[in-house]
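Asker: No letters, just coordinates:
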């Protein structure tokens, strides 16, 4: 069977690749990998029907196919356009595409509050990456930005509608992963917003995955809210035997010392979840002893998350041991006795929601 | 070997003459140089009474800034800590509660903010990294201290006084 299948030859940025009929341009580019892969904010390979909303993956088709070599008249969304035999696509080699993408980023950021210093997604945000790579350095928008109040979707998920770019990923996740969807998009156009009808709480075993699929900081983990910045935490691969049959139990723990600050699913190089995890694993197992730790997670060294994590460093031998004939050097000052940060009495990772001013009062016993 | 500069002088190792052995002419010559400096402009200032003018780009002790309404500007975004090459800055964030709007500018703020002045190299990267104009390096020195624990600066040491509270 496999031999009979006709493979389509596609050229993306002058790199040839053979793909099956029905593959989208985006997925063909992902087979090549590297710089030619268009960025995608709304397309999610694990979710059926996603894509076609954000327009960041637009590419130029310079040659339609061998049969009809005319170029496509407009830039097309690569996540929704399937390849044809002999198709030639220009992504980063086309200045027109780069210019159009810059415009798309500017439009996505028009109503974005740009509150990255506060946002918990900062450091792993796709919109930050997109803006950094394709956007302009300053905004030209002078009008009032669209604002919404923060909403609690259940007690574990916080929705910042102001940050949302309406990619619909969370709606697809809820539709396809959980038994019944309770949230969707209300309103149209500029007034469109993610909402639960009459502020119904989301209560499903897998609804926590909307946090992972959200490309921006619109849906964030309330149990991790403001606890720490992602780049100060150490991502560690871990697993546990989850009772939920649909949950694989394979996660990433975001740790600081022995404290587990956050649990997320494992994400691949395109920021897509490898296996969805259940809410019990995500929200309730915030203890190191609940997990079997496999080892540190590999993080792309261009990511800010990889800062301060020195892998494969060789620690030089301490010469003091020889010089002092085995005596220990006298410690003149222990920083932990004086520092008020990271007090062992205050376990931030164990607090339910975000910390408040009264959480930092040290109780004298 | 080729000398690097033309200022190199060969050391004179000839035995001293009688006049040189007396030492007195050499002492007189040396004292002459010493007394000449009495009439020159002094290079030092008597520090606590007199202070030198700082250069406008001087980087000294850190301050945490407030906005016009006296609210803390810092949102504990962690960019100063990640920019710090000496890893001197640590912080813990908290969420602003209703009723604390007059204290903190944004919904998230630094509940704890600490700079270890023993580690700090006064490079000013924190000031450059800050997106909220919250941290500044002022034109003062970090004062000396007898104990190391006096160099762990918390928020009460770094925050500038509230301009509104001072007016009362």
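Answerer: Nice, I can see it. Keep in mind that what you see is a predicted model, and the values were worked out from it rather than measured.
Asker: the strands in chain B, which residues?
Answerer: Ranges of strands in chain B, per DSSP state E, are B:62-64, B:89-95, B:108-116, B:135-137, B:152-153.
Asker: swap that for chain A, please
Answerer: In chain A, the strands defined using DSSP E lie at A:8-12, A:15-19, A:58-63, A:76-77, A:87-90, A:151-153, A:157-159, A:183-186, A:193-196, A:219-221, A:234-239, A:250-256, A:259-265, A:292-296.
Asker: which residue does chain B bring closest to chain A?
Answerer: Here the residue of chain B nearest chain A is residue B:77; by C-beta to the nearest C-beta that distance is 3.3 Å. Using the backbone N, CA and C atoms, a C-beta is placed for each residue, glycine as well.
Asker: hang on, the earlier thing: of all the strands of chain A, which one is nearest residue A:212?
Answerer: In terms of C-beta to C-beta, the element of the strands of chain A nearest to residue A:212 is strand A:259-265, at 5.1 Å.
Asker: buried sites along that closest one?
Answerer: By neighbour count with 16 or more other C-beta atoms under 10 Å in any protein chain shown, strand A:259-265 contains the buried residues A:259-265.
Asker: ok, now stretch A:312-331?
Answerer: Those would be none for stretch A:312-331, no buried residues there (16+ other C-beta under 10 Å).
Asker: touching chain B at all, that stretch?
Answerer: No: legend: contact between stretch A:312-331 and chain B by C-beta under 8 Å from any C-beta of the partner chain is lacking; minimum distance shown is 10.6 Å.
Asker: how far away is the residue nearest to residue A:277 when sequence neighbours are not counted from residue A:304?
Answerer: Nearest non-adjacent residue to residue A:277, counting by C-beta to C-beta, 6 or more residues apart in numbering or on different chains: residue A:265, 4.8 Å away. As judged by C-beta to C-beta, to the nearest Å, residue A:265 and residue A:304 stand 20 Å apart.
Asker: Correct me if wrong: residue A:209 contacts residue A:275.
Answerer: No: with contact taken as C-beta atoms under 8 Å, residue A:209 and residue A:275 are classed as non-touching, separated by 10.0 Å.
Asker: where do the contact lists of these two overlap?
Answerer: With C-beta atoms under 8 Å, 6 or more residues apart in numbering or on different chains applied, the overlap between the contact sets of residue A:209 and residue A:275 consists of residue A:265.
Asker: in stretch A:151-158, what's buried?
Answerer: Residues A:151, A:153-154, A:156-158 are the ones in stretch A:151-158 that count as buried (16+ other C-beta under 10 Å).
Asker: and those residues near chain B, which?
Answerer: Filtered for proximity to chain B (C-beta under 8 Å from any C-beta), the buried residues of stretch A:151-158 leave an empty set.
Asker: Which two among those are spaced furthest apart?
Answerer: Of all pairs drawn from those, the widest gap by C-beta to C-beta lies between A:151 and A:156 and measures 12.9 Å.
Asker: Tell me which of residue A:209 and residue A:275 has more neighbours.
Answerer: For residue A:209 versus residue A:275, the count of surrounding residues by other C-beta atoms under 10 Å in any protein chain shown is larger for residue A:209: 27 against 14.
Asker: what's the closest non-adjacent residue to the residue in chain A that chain B sits nearest to?
Answerer: With C-beta to the nearest C-beta as the measure, the residue in chain A that lies nearest chain B is residue A:117; the distance is 3.3 Å. With sequence-adjacent residues excluded and distances taken as C-beta to C-beta, 6+ apart, residue A:117 is closest to residue B:77, at 3.3 Å.
Asker: Does the one you found touch residue A:231 like I think?
Answerer: No: checked against C-beta under 8 Å, the pair residue B:77 and residue A:231 is beyond contact range at 10.7 Å.
Asker: Next up, the contacts around residue A:237.
Answerer: Contacts of residue A:237 (C-beta under 8 Å, 6+ apart): A:250-253, A:266, A:293-297.
Asker: For residue A:235, the count of nearby residues, please.
Answerer: In terms of burial, residue A:235 registers 22 neighbours under the definition other C-beta under 10 Å.
Asker: per-residue pLDDT, it?
Answerer: If you check residue A:235, the pLDDT there is 92.
Asker: Now the phi/psi pair for the closest residue to it other than its chain neighbours, please.
Answerer: Distance criterion C-beta to C-beta, 6+ apart; nearest residue to residue A:235, sequence neighbours excluded, is residue A:297 at 4.1 Å. Its backbone dihedrals place residue A:297 at phi -80, psi 140, with angles given as degrees, to the nearest 10.
Asker: and residue A:297, how many residues sit next to it?
Answerer: As a burial measure, the neighbour count of residue A:297 was computed by other C-beta under 10 Å and equals 17.
Asker: what sits against it?
Answerer: Residue A:297 neighbours (C-beta under 8 Å, 6+ apart): A:235-237, A:252, A:266.
Asker: May I ask which two of the residues you listed are separated the most?
Answerer: With distance counted by C-beta to C-beta, no two of these lie farther apart than A:236 and A:266, which are 11.0 Å apart.
Asker: Overlap of the contact sets of these two?
Answerer: Counting by C-beta under 8 Å, 6+ apart, the shared contacts of residue A:236 and residue A:266 are A:252, A:297.
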